[in-house]
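Participant: Predicted model, plus sequence, below.
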Protein chains: 4
Amino acid sequence: MQFLSDNAAAVHPAVWQAMKDVDAADAPYDGDRASAALDDAMAMVFGKEVAVLWVATGTAANCLALAAMCPPHGAVACHREAHIEVDEGGAPGFFMHGAKLLLCGASDGSDHAKLTPASLAATLDPIRNDVHQVQPHALSITQASEYGCVYSPGELAALDAECGRRGLGFHMDGARFANAVAFANRPPAEVAGPVDALSFGFIKNGGMSAEAIVFFDTALADVVRYRRKRAGHLQSKGRYLAAQILAMLEGDVWLHNAAAANAAAAEIGTACGERLLHPVQANELFVALTPDERAALRAQGFGFYDWGADAARFVTAWNTRAEDAAALARAIAGL
Amino acid sequence: MQFLSDNAAAVHPAVWQAMKDVDAADAPYDGDRASAALDDAMAMVFGKEVAVLWVATGTAANCLALAAMCPPHGAVACHREAHIEVDEGGAPGFFMHGAKLLLCGASDGSDHAKLTPASLAATLDPIRNDVHQVQPHALSITQASEYGCVYSPGELAALDAECGRRGLGFHMDGARFANAVAFANRPPAEVAGPVDALSFGFIKNGGMSAEAIVFFDTALADVVRYRRKRAGHLQSKGRYLAAQILAMLEGDVWLHNAAAANAAAAEIGTACGERLLHPVQANELFVALTPDERAALRAQGFGFYDWGADAARFVTAWNTRAEDAAALARAIAGL
Amino acid sequence: MQFLSDNAAAVHPAVWQAMKDVDAADAPYDGDRASAALDDAMAMVFGKEVAVLWVATGTAANCLALAAMCPPHGAVACHREAHIEVDEGGAPGFFMHGAKLLLCGASDGSDHAKLTPASLAATLDPIRNDVHQVQPHALSITQASEYGCVYSPGELAALDAECGRRGLGFHMDGARFANAVAFANRPPAEVAGPVDALSFGFIKNGGMSAEAIVFFDTALADVVRYRRKRAGHLQSKGRYLAAQILAMLEGDVWLHNAAAANAAAAEIGTACGERLLHPVQANELFVALTPDERAALRAQGFGFYDWGADAARFVTAWNTRAEDAAALARAIAGL
Amino acid sequence: MQFLSDNAAAVHPAVWQAMKDVDAADAPYDGDRASAALDDAMAMVFGKEVAVLWVATGTAANCLALAAMCPPHGAVACHREAHIEVDEGGAPGFFMHGAKLLLCGASDGSDHAKLTPASLAATLDPIRNDVHQVQPHALSITQASEYGCVYSPGELAALDAECGRRGLGFHMDGARFANAVAFANRPPAEVAGPVDALSFGFIKNGGMSAEAIVFFDTALADVVRYRRKRAGHLQSKGRYLAAQILAMLEGDVWLHNAAAANAAAAEIGTACGERLLHPVQANELFVALTPDERAALRAQGFGFYDWGADAARFVTAWNTRAEDAAALARAIAGL
């Protein structure tokens, strides 16, 4: 009964079928019909014109999008718990040629890894126009956040106003964007808000090896097209990646899968009660648990990561079995 | 009847099956059993200890291997027709942080895009130890070469002696290594020769999205492991890539596929006679054809690329139909 | 009466003279006799073989030395108040191609910006051998520290043991190394301790435009020679830089100048008493002063920087006039 | 009697005096009065608004200017004999993060290292909009060229039209711009033509350590200001660099010095007659001389570089003695 991560879940049957369906080549790289269909398919999701590029990892999606917004001598403002800072093995420094991440927000989790105009200002205002300090060129936020929490449209609008005022591009790491949309129960365009580019994750949610970079500022896509090639991310059989994304969009597989993962998390969350360190708004749970309690859960066959000394993280996936979620909920309630 | 490229050919059935077989996750990234099995499977091919990493493109394979051999302030010697110089969109500059390619060899095709100690020396000797010039740290050759020609063990040994004398790492771009082995009809270890790292291509040869970097100098793999992550090339569901490579190795699918492509090329080559610009030793043909002759072939339904003003390139693939190859051979013979 | 910085002080007469003395060219770049004399002159200072390269700024000295120790995919551990982190405009990211700084130590000044094995371990131990995290390859400390405090030989030895255990190169930012030596009243080799490379600052201490990178691991110099050229820091009339350094070393100008600056700081420090936030061990003072008190000092003609809301920083220089230091001491005592 | 290079010539007395005159600090970095005066002083030279930054080397000047015009994923078109390609130790790759140089023009010297719309097109047209090829973002030419030849206003206008048509920034490496102006005997603005940025060299022409980057597109200066800091090229005592440039501009020292060097070269050139490989339009001579002839000249005490197997390069400087030039002219005439 694994709650370690949604990172390794199986591939959804519709994705398999779509990949088989493009086996007959029509063109290499992204010249195929499936790749060409991405823009329109995604425009339907967001109700506006977009340009879409596939890549194989969320790390590449995030870093390629940011590199198009931020020159090497600049910086990207992000939360100090952001995945791009803490878990991508230095990839932002590589893709952005040494551009810096300017870390904002709380270090104690009290802001649920969500930024505000005030937490941005605390980091950015003191260095403004100082030639001895790198200057911010973009803001990157995570939706749902690293603690599984969702920005509201109002919160996004407030950050967008900061971007406008400060001249920053606006990027959203949406590794779990589907989960955020499923929670918010609003149109995807509202959950993405006014960002210039969205790393729209599919791999954790039933895909195999395809994430989409969705450019609302379509001029950025023309830059990233060259940078994707340069980063070794332009696959010659790209049709298999495009097919994955199209399969996830068709019939809203992405939304159904995310809703299933969220529902499992919600059920477990209810059982956690006061133990929850953050509200459960996606498919991650951060739960206060003593070492003994964690050992007891593991003894019952549950897999999960420790989160510091006194807590644990549980992640549900699109294919988490209902009985496993129920079992975990009971086990935690019974501690 | 397409002879444009082997880049977009369909995926081999054994590869599809192997991917399905690993659908049940055992671990994310490269912690899965299939990824762990690569070293041993490849050691069987080469008859010695190796370390193997999967990546999604040949560009990434080449550049990650070279970046482990050459510091940013250095250079890689390669043929001036090398794929890393002419077709990778600046990827070597990106992965190696501005390290330079030192171009060697003939510009008129007369050396079949193969390097020799003499052509290396002509470029490298004049700049030796000059602080105003970047210094070479690695040599990269292509097997089979960009003109579809194969280095013999003796030629490889001569270049290896140069690497030893000059203190260079030795890399082989093996996008069509399988075709070279099938042509040479020798053990893979002899066709790879004494290189430190080999980019072993599978995608052109029946794979979907997995190339192998084979490190004979296994210490390099420990560096590339970190650089692969940093480049956004560590896929969370890496088991699907590992499975592709294992499927290609099992039962020598890689060798059978390459032999089939080579045979088709050989048949066409025989029909080309004096028109051949380079010997046909793999699955590429470079053929002197006037514009009118090319138009005539296209009118008969053959797809291929022009190669300069007076020639064309034809590429066969693992799944080129025998009747298509025969038809092309007849058509060229009948010009 | 300026106590803003030692950064802009006049050039010492001996330095002027030495520059004039090399006006007749003997060779360009660093092929001149003065440049060639640096290794021996500095070997006399440290009592052991060293290799010395001149550069025009401390930023370049620090970053070139670190880039020779740390590959692009790695990281440098340093104090979170280190100049390379807070004041060099992203230069480490540029010179090290996106390698990361791993920040260690206290954020409240309580460790006087000096690192310890424990503060290193707190940052480095949790990420050890995790492919999703950049790994440290070097340690950089500042002597005297950013708060003007001096590492003892014992403290340096303890850090060196950590470097050995963790496989790290060891670098010292010695922008105010002269002041540290003058304070410690020990041989320079003991104040540098067991580091592999030292950025030995002369510009704040009476030079014009020359800092020395002193390599105790002389193999690093061969790397930096190429990187210096590549960074546009190999000046064609390098003899004027070499002459500056030789002039500072001859007759211990560097030590006398630093002692003068330290003495002025010490006099002011005595007057500060309990107001001192850090012990005065070099030529910088960090002094608790209310906004009103700072305004009062400025009204008397003293120039200095605020240090947060409730303190000020004063810096003395080699040519600080005794009467100015005395006046400031009196003014502070009289608050 | 040295004709090796103008790189190491002595510093002009007016430059020494100006440096002494700014010894009393008014501000660090480029906040001083001399640095602030550069824009106006240079605007007088060119008769239009400009923004000027000092740096210590021509390599830094060229690379910082180009890095502001060309993103890392792009390329700079230049002559294949350009200094940025052949003599800067990989600096363009470093400053531009792996952006490529697209080499244009003749490899046999027949175009005197000057580009034309046709030679540009031959390199750039075949790769246009191909995602597998880096795309050009800037053009860099050298005035006077690497063979000491000067672009006319008409030639510059033709290249500028290409830049406009192709969307390229336009940079001029003016390491010997002064010599080009002295030869052309036209206003500096005509000799610079319509470029966006000029690396205006002073070091070869009587300065010590200061080159000027002159931005006609002043927005570029705001970018380079940050990049200069990041590259370790923002010197804390920048006033000594600014003073050098101001001294060279005042009373047209730069032009008088260049005219003197040109006159010496012209005198020697007349003696060379048919031996000249390129017209003498600045202070460099490329002269057909057999090995025996070169040995004979060296035996008479003349220093110079070989230029391939059958020629030599002679360079005059601002302080070349008239008797030395006359002696060399006689010696060559007498061969």
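Facilitator: Here it is on my side, so go on.

Participant: and chain A, what are its domains?
Facilitator: For chain A, automatic domain parsing gives the domain ranges A:14-252, A:254-329.

Participant: Smallest gap between the stretch 51-200 of chain A and chain B, at which residue?
Facilitator: Minimum separation of the stretch 51-200 of chain A from chain B (Cβ to the nearest Cβ) falls at A:Ala60, amounting to 3.2 Å. C-beta: built from backbone N, CA, C; applies to glycine.

Participant: Show the contacting residues for that residue.
Facilitator: A:Ala60 is in contact with A:Ala91, A:Phe95, A:Glu211, A:Arg228, A:Ala231, A:His233, B:Ala231, B:Gly232, B:His233, counting by Cβ atoms under 8 Å, 6 or more residues apart in numbering or on different chains.

Participant: where does the third one land on pLDDT?
Facilitator: Per-residue confidence (pLDDT) for A:Glu211: 98.

Participant: one step back: what helix or strand is the residue of the stretch 51-200 of chain A closest to chain B on?
Facilitator: With secondary structure defined by DSSP states H and E, A:Ala60 is part of helix A:58-69.

Participant: Let me see the contact set for the nearest residue to A:Thr123 once chain neighbours are set aside.
Facilitator: The shortest distance from A:Thr123 to any non-neighbouring residue, by Cβ to Cβ, 6 or more residues apart in numbering or on different chains, is to A:Cys104 (4.3 Å). Contacts of A:Cys104 were listed using Cβ under 8 Å, 6+ apart, and they are A:Ala77, A:Cys78, A:His79, A:Arg80, A:Leu115, A:Ser119, A:Leu120, A:Ala122, A:Thr123, A:Leu124.

Participant: Please repeat the previous calculation with a cut-off of 10 Å.
Facilitator: A:Cys104 makes contact with A:77-80, A:82, A:111, A:115-116, A:118-124, A:136, A:139, A:141, according to Cβ atoms under 10 Å, 6 or more residues apart in numbering or on different chains.

Participant: Would you list the buried entries among these?
Facilitator: When these are checked for burial by 16 or more other Cβ atoms under 10 Å in any protein chain shown, the buried set is A:77-80, A:82, A:111, A:115-116, A:119-120, A:123-124, A:136, A:139, A:141.

Participant: Restricted to helices, list these.
Facilitator: Of the positions in these, A:Ser119, A:Leu120, A:Thr123, A:Leu124 sit in helices, assigned by DSSP state H.

Participant: With pLDDT and distance to D:Leu276 as new columns, can these be given to me in TSV?
Facilitator: Output for those, formatted as TSV (pLDDT from 0 to 100; distance: Cβ to Cβ, whole Å):
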residue	pLDDT	distance to D:Leu276
A:Ser119	98	68
A:Leu120	98	64
A:Thr123	98	62
A:Leu124	98	60
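
Participant: which one of these sits closest to D:Pro279?
Facilitator: Closest approach between those and D:Pro279, by Cβ to Cβ: A:Leu124, at 55.9 Å.

Participant: C:Ala82 versus that closest one, what's the distance?
Facilitator: Distance of A:Leu124 to C:Ala82, computed by Cβ to Cβ, to the nearest Å: 21 Å.

Participant: Please enumerate the strands of the stretch 1-150 of chain A.
Facilitator: A:51-55, A:74-79, A:100-104, A:135-142 (DSSP state E, counting those that start in this stretch).

Participant: Let's have those strands in TSV, adding mean pLDDT.
Facilitator: Listed next are those as TSV, based on pLDDT from 0 to 100:
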stretch	mean pLDDT
strand A:51-55	98
strand A:74-79	98
strand A:100-104	98
strand A:135-142	98
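
Participant: Serialize these to a markdown table and add fields for distance to B:Asp32.
Facilitator: Formatted as a markdown table, the strands of the stretch 1-150 of chain A follow (distance: least, Cβ to Cβ, whole Å):
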| stretch | distance to B:Asp32 |
| --- | --- |
| strand A:51-55 | 21 |
| strand A:74-79 | 30 |
| strand A:100-104 | 30 |
| strand A:135-142 | 26 |
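
Participant: Mind checking those strands for the one nearest to B:Val224?
Facilitator: Minimum separation from B:Val224 across the strands of the stretch 1-150 of chain A (Cβ to Cβ) falls at strand A:51-55, 19.6 Å.

Participant: Mind listing the strands that closest one pairs with, and their directions?
Facilitator: Sheet pairing of strand A:51-55 (DSSP bridges) gives strand A:211-215 (antiparallel).

Participant: Mind exporting the C-alpha coordinates of the strand it pairs with to PDB?
Facilitator: This file holds the C-alpha atoms of strand A:211-215, laid out as PDB (Å, rounded to 0.1, in the frame of the first residue of the first chain):
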ATOM      1  CA  GLU A 211       4.500  17.100 -19.800                       C
ATOM      2  CA  ALA A 212       3.200  20.100 -21.600                       C
ATOM      3  CA  ILE A 213       4.500  23.600 -21.500                       C
ATOM      4  CA  VAL A 214       1.500  25.800 -22.100                       C
ATOM      5  CA  PHE A 215       2.500  29.300 -23.300                       C
END
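
Participant: Buried residues, it. List them.
Facilitator: Within strand A:211-215, the residues that count as buried by 16+ other Cβ under 10 Å are A:Glu211, A:Ala212, A:Ile213, A:Val214, A:Phe215.

Participant: what's near enough to touch A:Gly98?
Facilitator: Contacts for A:Gly98 (Cβ under 10 Å, 6+ apart) come out as A:72-73, A:92, A:134, B:97, C:72, C:90-100, D:97, D:230.

Participant: repeat that for 6 Å
Facilitator: Applying Cβ atoms under 6 Å, 6 or more residues apart in numbering or on different chains to A:Gly98 gives the contacts A:Pro72, C:Gly93, C:Phe94, C:Gly98.

Participant: separation between the last one and A:Leu101?
Facilitator: What it means is C:Gly98. Taking Cβ to Cβ as the criterion, C:Gly98 is separated from A:Leu101 by 11 Å.

Participant: Identify the contacts common to those two.
Facilitator: Residues touching both C:Gly98 and A:Leu101 (Cβ under 6 Å, 6+ apart): none.

Participant: nearest residue to the closest residue to chain D within chain A other than its sequence neighbours?
Facilitator: Taking Cβ to the nearest Cβ, chain D has its nearest neighbour within chain A at A:His97, 4.2 Å off. The shortest distance from A:His97 to any non-neighbouring residue, by Cβ to Cβ, 6+ apart, is to A:Pro72 (3.6 Å).

Participant: List phi and psi for the one you found.
Facilitator: Main-chain torsions, A:Pro72, degrees, to the nearest 10: phi -60, psi -30.

Participant: Look at it and say how many residues are nearby.
Facilitator: A:Pro72 is flanked by 25 other residues according to other Cβ atoms under 10 Å in any protein chain shown.

Participant: Thought A:Ala99 was touching it, still the case?
Facilitator: Yes - in this structure, A:Pro72 is within contact of A:Ala99 by Cβ atoms under 6 Å, at 5.4 Å.

Participant: Tell me the residues of the stretch 1-150 of chain A that contact chain B?
Facilitator: A:7-8, A:10-11, A:23, A:25, A:28, A:56-57, A:59-60, A:89-91, A:94 (Cβ under 6 Å from any Cβ of the partner chain).
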